[in-house]
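# Quick one, fold the following:
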Amino acid sequence: MPKISKEESLARRNEIIDACEALYRSESYHDITMTQVASKVSFGRANVYNYFQNKDEILLALLQREHELWAASLVRLEERGPLADADLAEGLAQSVDERVQMLKLLAMNLYDIEQNSRLESLVEFKHTYGAAIQALRSLIATSKPQWDEARMDCFVFSFMPLLHGVYPYVFHSKKQLAAMKEAGIAQPNLTICSMVREIALNLFQEG
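Numbers count the residues shown, from 1 in each chain. Sure, this is the predicted structure:
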C-alpha cells in the first residue's frame with residue numbers, strides 16, 4: 001500500500017465501514033460480499049484487505065462504532081445531572097433508538113461476526129463494548145448514588161441482554177408477519193423507544 005497519511009488511512013477505513021453499513025441496510029448478512037463492499041469505495045479493491053480480512057471484521061468495526069456513538073450519548077445524558085426514573089428511562093430509550101444498526105447486529109449476526117473475526121479485531125471491539133458498559137454504569141450511578149455494586153450489576157446485566165432482543169420484536173419481514181397472521185398471533189405496535197423505556201423504568205423501580 002503506498003504511503004498515505006494517518007488521516008487518509010482513517011478516512012479509507014471509515015469509507016469501507018460506511019459502504020458495508022449501506023449494504024447491510026438493504027442486503028442480508030449472508031449476501032454481503034467483499035467484492036460488493038470494494039465496489040462501493042473510491043480506491044482499489046486490494047486496498048480493502050489492508051484494513052479488513054473479511055466482511056465480518058468490517059461489520060465488527062461497524063458494531064464498535066455504534067457502541068462508541070451510544071457511549072457518547074450516555075455521557076451527554078449523564079451531563080444533565082441526576083434524573084428522575086421516568087426521565088432517565090426516556091433518555092436511555094432515546095439513546096438506544098438512535099442505534100438501530102447496533103441492535104440489528106446484536107440480535108441477528110453477533111455470533112457469526114465475532115466467530116469469523118481475528119482475535120485482535122475482537123479484542124479491540126471488546127474494549128469499546130466495555131467502555132459502553134462503563135458509560136452506562138456511570139450514568140446510572142449519577143441518578144442512583146444509593147445503589148451498591150450488586151444492585152448496579154443487577155440492572156446492567158438485565159438491561160444489556162434486552163438490547164440483543166429488541167430488534168426482532170420491532171422489525172419483521174413480510175414472511176414473518178404472514179406466518180404470525182396464519183398462526184393467530186397478534187403483533188402489538190411496539191417501538192424501540194417504548195420497549196426500552198418501559199423495561200428500564202421497571203428495572204429502576206424493582207427492589
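
# Could you use CA atoms for every contact and neighbour count after this?
Fine.

# what sits against Ser138?
Glu78 (Cα atoms under 8 Å, 6 or more residues apart in numbering).

# Over the helix or strand where it lies, what's the mean pLDDT, rounded is fine.
Assigned by DSSP states H and E, Ser138 belongs to helix 119-143. The average pLDDT for helix 119-143 rounds to 98.

# Kindly calculate the angle that whichever helix or strand comes after it makes with helix 119-143.
Downstream of helix 119-143, the first helix or strand assigned by DSSP H and E is helix 149-170. Counting by axes from the mean of the first three to the mean of the last three Cα atoms, to 10 degrees, helix 149-170 lies at 110 degrees to helix 119-143.

# What residues of whichever helix or strand comes after helix 149-170 count as buried?
Next along the chain after helix 149-170, taking DSSP H and E as the criterion, comes helix 174-182. Within helix 174-182, no residue qualifies as buried by neighbour count (16 or more other Cα atoms under 10 Å).

# So for this protein, which residue is the most central one in space?
Closest to where the C-alpha atoms of the chain average out (Cα atoms, centre = their mean) is Met102, at 2.1 Å.

# I'd assumed Ala71 was in contact with that one.
No: Met102 is beyond contact range of Ala71, at 12.0 Å (criterion: Cα atoms under 8 Å).

# Out of the helices and strands in the chain, which is least certain?
Every helix and strand of the chain was ranked by mean pLDDT, DSSP states H and E. The lowest is helix 45-48, at a mean of 88.

# With Pro145 as the reference, measure out to Ser138.
According to Cα to Cα, to the nearest Å, Ser138 and Pro145 sit 10 Å apart.

# ok, now Ala89?
Plainly put, Ala89 is 16 Å away from Pro145 if you go by Cα to Cα.

# what's the domain layout of the chain?
Using automatic domain parsing, the domain parsing of the chain gives 1-51, 63-205.
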